[in-house]
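1. all I have is the shape, not the residue letters:
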């Protein structure tokens, strides 16, 4: 899975966590209304996850992180960096899915360093 390209503005780490302030460029996204059980599936179909790609170029597109959902209930898949202009982006066949340019942004990221698993806490 590809990750959104960013510049690390500030990095701090502790024993189990990496903390960064990241500045992201201007990514493009495929987005749709996030309805229960439908938003993710509609976007996944557009890029070819679990099915043939449902876009006009029939071209598979790598899944990236993060997947965004905003308060207006819009779910967005960030497109890989090679899709840096609208001309290069395969257009979705689903009329409810659109391609959009997102604004440049800055945010905090916290990354777990180590092994993940299940632990039972004492009562």
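-> Alright, I've got the coordinates. Bear in mind the structure is a predicted one, so any value in this text is a computation, not a measurement. Numbering: from 1, shown residues only.
2. so residue 41 belongs to a helix, correct?
-> Yes: assignment of residue 41 by DSSP: H, G, I helix; E, B strand; the rest coil places it within a helix.
3. quick one: the strands in the chain?
-> 2-3, 6-13, 17-24, 28-33, 64-65, 67-69, 74-78, 98-101, 105-112 (DSSP state E).
4. okay, those strands in CSV with distance to residue 39 next?
-> From N, CA and C alone the C-beta is placed, and that goes for glycine too. Conversion of the strands of the chain to CSV gives the following (distance: least, CB to CB, whole Å):
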stretch, distance to residue 39
strand 2-3, 20
strand 6-13, 24
strand 17-24, 22
strand 28-33, 6
strand 64-65, 16
strand 67-69, 8
strand 74-78, 4
strand 98-101, 13
strand 105-112, 21
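5. can you lay out these as TSV showing mean neighbour count?
-> Formatted as TSV, the strands of the chain follow (neighbours: other CB atoms under 10 Å):
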stretch	mean neighbour count
strand 2-3	12
strand 6-13	11
strand 17-24	15
strand 28-33	22
strand 64-65	15
strand 67-69	15
strand 74-78	22
strand 98-101	14
strand 105-112	11
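6. so can I have CSV of those strands showing mean pLDDT?
-> Output for the strands of the chain, formatted as CSV (pLDDT from 0 to 100):
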stretch, mean pLDDT
strand 2-3, 72
strand 6-13, 90
strand 17-24, 88
strand 28-33, 92
strand 64-65, 80
strand 67-69, 83
strand 74-78, 90
strand 98-101, 94
strand 105-112, 81
